[in-house]
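S.K.: Would you be able to build a 3D model of this:
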Amino acid sequence: MAATPASSTLSTRFVKYWLPVGVMLGAMYYFSTDVFSGENTRGIVETVLGWIVGHASQHTIARMNHLVRKSAHFIEYAVLASLLFRAFRADSRFAFRLRWFIYSLMIIAAWSLLDELHQTLTRKRGGSIYDSMLDASGGLFALLVIWLLSLRKKRRS
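M.R.: Next up is the predicted model:
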């Protein structure tokens, strides 16, 4: 049976807009495993710091590892929020709709809680409501940037 233009467009839109969201969620799930525990990322941070500054104290390595890990929380959820907003917007001629903002933020909040719950089920990780709040703030930040850019674009038109 041949695909109709509508079904072809629907599958193309799914791949273009929702597949990146799914890939990002899968990557985030993997990042929540023991592979990315603090003790595992510490070695990477120590190596990179060694290249940049030579020798770093254990205290500096621990602080940089903490900073890198918390920054990753914020950034990955900012990326997810951007992808979600883009997926909800799809091919719309409108740059911004409040419902896209709200839907994206609701998914961000739910995923951040599920992500921390997942971490409590691993051997080397632990869940934290503070990390969940940091995750959600990264998503909110990205959505606010999108909103501000849409206002700017609207004023230019």
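
S.K.: Low-confidence stretches in this protein?
M.R.: Residue ranges of the chain with pLDDT under 70: 1-8.

S.K.: Could you pull out the helices in it for me?
M.R.: Taking DSSP state H, the helices of the chain run over residues 5-13, 19-31, 38-53, 58-89, 98-120, 129-156.

S.K.: In CSV: these, plus mean neighbour count.
M.R.: For glycine as for every other residue, the C-beta is placed from the backbone atoms N, C-alpha and C. CSV is the format used below for those (neighbours: other C-beta atoms under 10 Å):
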stretch, mean neighbour count
helix 5-13, 11
helix 19-31, 14
helix 38-53, 13
helix 58-89, 18
helix 98-120, 17
helix 129-156, 16
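
S.K.: residues touching residue 153, list them.
M.R.: By C-beta atoms under 8 Å, 6 or more residues apart in numbering, the contact list for residue 153 reads residue 95.

S.K.: same thing but 10 Å
M.R.: Residue 153 makes contacts with 95, 96, as judged by C-beta atoms under 10 Å, 6 or more residues apart in numbering.

S.K.: how much space between it and residue 96?
M.R.: 9 Å (C-beta to C-beta, to the nearest Å).

S.K.: and if you look at residue 46?
M.R.: 43 Å.

S.K.: before we move on, what about residue 45?
M.R.: In this view, residue 45 and residue 96 are 38 Å apart by C-beta to C-beta.

S.K.: what do you get for residue 40?
M.R.: From residue 40 over to residue 96 (counting by C-beta to C-beta), the distance is 40 Å.

S.K.: Repeat that for residue 44.
M.R.: Residue 44 is 38 Å from residue 96, by C-beta to C-beta.

S.K.: Kindly report the same for residue 132.
M.R.: 26 Å.

S.K.: Great, nothing more from me.
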